[in-house]
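1. what follows is a predicted structure for the sequence shown.
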Amino acid sequence: MRHPILSMTRLAAAAALLSCSLGAPAQTVLRAADSLPVGHFFSEKGLKFWMAEVRKQTSNAVDLQHFPAEQLGKAKDMLQLAMSGVADVAYVVPSYASDKIPLMTVSELPGLAKSSCQGTRAFMKLAHGGILDKKELEPNGIVILFGTVLEPYQVYANKPINSLDGIKGLKLRTAGGAQSATIKALGGVPVNMAAPETYDSLSRGTIDGVVFPSASLLAYDLPGRLKAGTTDVSFGTTVLTYAMSAKRFQAFPENVRQAMLTAGRAAAENVCQFLDQNAAANQAKITAAGVTYFKLSDADQKRLAEASSAAQKEWATQLDRRGKPGTEVLDAYVNALK
């Protein structure tokens with residue numbers, strides 16, 4: 001007499017073998033890499049939301065293995081991880097890779113988007129089938145799955161200040177590019193560094209403050225090391241994205257590709273709404289940690305607006321000189337914000 005359990009095991013193995021021989025689709029597991037700390041809002045509200053949507057739309061044909069906190073590489077190397085195939089999906093901050101994707105930093109310019117969702121919707125419009133897609137992403141073999149423009153950045157310092165004059169001489173962490181140019185124009189000393197380095201740099205006194213949004217200030221546990229911050233102005237911002245090489249993207253069936261892009265638009269909206277809805281609560285937490293917010297005087301606001309406008313024009317002009325459509329992209333982004 002046959003052993004019933006053994007018979008069932010053999011039947012299951014035979015069924016699995018038959019399934020493979022008939023070409024039944026196997027689940028694809030994507031390796032996603034980022035430099036974000038565990039629990040960061042962009043991976044929680046963005047990447048995990050995106051993956052859940054892709055699973056839903058593809059009947060679980062795709063899944064995700066997440067490698068946070070620079071497990072697969074440093075923040076500045078994330079784009080290369082995606083292009084080399086070390087990661088299928090990688091966290092890409094355009095300002096960290098501005099030598100390769102300079103046009104993408106248009107959404108980071110000071111004095112433009114007034115909220116995360118306003119900037120995010122404009123960015124996604126240009127990155128999915130718009131001028132950024134055609135002029136920069138396609139030529140570089142990159143697909144932006146989704147991106148979110150953070151809330152307008154503020155200046156935070158480790159000493160009391162109450163005007164733009166207080167910025168003079170301060171070493172402030174910036175994301176580079178036009179943000180650095182704006183701080184320099186106001187007398188500050190921009191220090192370009194990746195966000196994960198800011199906590200230790202403040203602790204050691206390498207920098208005197210940061211140019212950051214409130215959500216990132218909390219994500220990197222910085223409020224306790226700061227004393228003052230601006231509010232209701234824009235020193236620029238940063239766009240955070242998750243990207244994939246075009247070669248890897250095109251290897252998927254059409255329905256999966258469309259699911260990834262549709263899920264990406266939903267994920268971008270999910271993150272920006274989370275940020276805008278929590279901006280006031282974030283400021284309250286930062287205030288409770290000992291940071292005093294101050295509003296710029298009318299004269300200082302005018303001065304900042306002039307510096308921001310100059311930074312925008314200089315950004316576009318420099319790219320135009322390099323044979324890239326800087327002015328065209330800036331105009332397209334400004335129009336998309338309306």
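-> Ah, there it is. Residues are numbered from 1 along each chain as shown.

2. and the residue nearest the centre of the chain, backbone torsions?
-> Computing the C-alpha centroid of the chain and ranking residues by C-alpha atoms, centre = their mean puts Leu240 first, at 0.7 Å. Torsion angles at Leu240 (phi, psi; degrees, to the nearest 10) stand at phi -100, psi 140.

3. quick check: it touching Tyr91?
-> Yes. Using C-beta atoms under 8 Å, Leu240 is in contact with Tyr91, at 7.0 Å. Just so you know, the C-beta spots here come from the backbone N, C-alpha and C atoms, and that holds for glycine as well.

4. what's across from the residue nearest to the centre of the chain in the sheet?
-> Thr148 (DSSP bridges).

5. any figure for the gap between it and Leu72?
-> 17 Å (C-beta to C-beta, to the nearest Å).

6. same check, this time on Ser95
-> 20 Å.

7. picking up where we left off before, tell me the spacing between the residue nearest to the centre of the chain and Thr327.
-> Distance from Leu240 to Thr327, by C-beta to C-beta: 25 Å.

8. ditto for Asn255
-> Look at Asn255 and Thr327: by C-beta to C-beta, they are 38 Å apart.

9. and Leu319, helix, strand or coil?
-> Following DSSP: H, G, I helix; E, B strand; the rest coil, Leu319 is assigned to helix.

10. right, and Ser261 touches Ala127 too?
-> For the record, residue 261 is Leu, not Ser. No. Contact between Leu261 and Ala127 fails when scored by C-beta under 8 Å: they sit 10.3 Å apart.

11. still on that earlier bit, the more surrounded of Ser95 and Leu72?
-> More crowded of Ser95 and Leu72, by other C-beta atoms under 10 Å: Ser95, with 22 against 18.

12. quick one: the strands in the protein?
-> With DSSP state E as the criterion, the chain has strands at 28-33, 62-67, 89-92, 142-149, 154-157, 171-174, 189-192, 209-212, 228-230, 239-245, 292-294.

13. same list (the ones you listed) but as a markdown table, adding mean pLDDT and distance to Phe41.
-> Shown next, in a markdown table, are the strands of the chain (pLDDT from 0 to 100; distance: least, C-beta to C-beta, whole Å):
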| stretch | mean pLDDT | distance to Phe41 |
| --- | --- | --- |
| strand 28-33 | 97 | 16 |
| strand 62-67 | 96 | 15 |
| strand 89-92 | 98 | 13 |
| strand 142-149 | 98 | 9 |
| strand 154-157 | 98 | 17 |
| strand 171-174 | 97 | 19 |
| strand 189-192 | 96 | 23 |
| strand 209-212 | 97 | 13 |
| strand 228-230 | 98 | 19 |
| strand 239-245 | 98 | 10 |
| strand 292-294 | 98 | 21 |
